[in-house]
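Participant: Prediction below, plus the sequence it came from.
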Amino acid sequence: MKETSMTTFKYSVHSGYECSSKGDKRFSAFFARLPDGHSIEHHYQVNVKGYPSIEEGKGKPPLKKMSADALYERYLDLWRQWACLHPQEIEELRYRAAKCGYVLRDRFATSHVNQARALAQILNETPPPQQRDLEMESVCD
């Protein structure tokens, strides 16, 4: 049986597959939307952290008392919801991560709560398909 590599994440601008608004926007919390039409970033800042808007909550601790681990788990759950609705994009991300040394990066990340970490965890939690017929160009800079 073939061993699979673990996908990791970096706070970097130099290596890995960029999953932010400066890279593949589909994997940016500002652009990834849940069924109600709101972005993951909106849900995180407003519904999880308790602020009236993204702008008011960005870079600030949650208004609702919770541990750093609980905060990350809530953020991860938002990405899991999105991933369930976008299996093709998740498989494409898996392929692109593999082409970039199994590393996802988020150049804007300043804490452990970031899309590269959440998406790497989702890739590691979900098994890859048995066969892949995605033929794509090189995706790393």
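Facilitator: Here it is on my side, so go on.
Participant: And the residue nearest the centre of this protein?
Facilitator: For the chain, Gln115 is the residue whose C-alpha lies nearest the centre (CA atoms, centre = their mean; 3.0 Å).
Participant: and that one, what does it touch?
Facilitator: Gln115 sits next to 19-20, 27-29, 32, 40, 79, 106, 109 when contact means CB atoms under 8 Å, 6 or more residues apart in numbering. C-beta coordinates here come from the backbone N, C-alpha and C atoms, glycine included.
Participant: What of Ile40?
Facilitator: Taking CB under 8 Å, 6+ apart, one finds 29-30, 32-34, 75, 78-79, 82, 115 in contact with Ile40.
Participant: quick one: stretch 72-90 to chain centroid distance?
Facilitator: Centroid displacement of stretch 72-90 relative to its chain, using CA atoms, centre = their mean, to the nearest Å, is 8 Å.
Participant: Strands along the protein, start to end?
Facilitator: Assigned by DSSP state E, the strands in the chain fall at 8-10, 17-18, 103-105.
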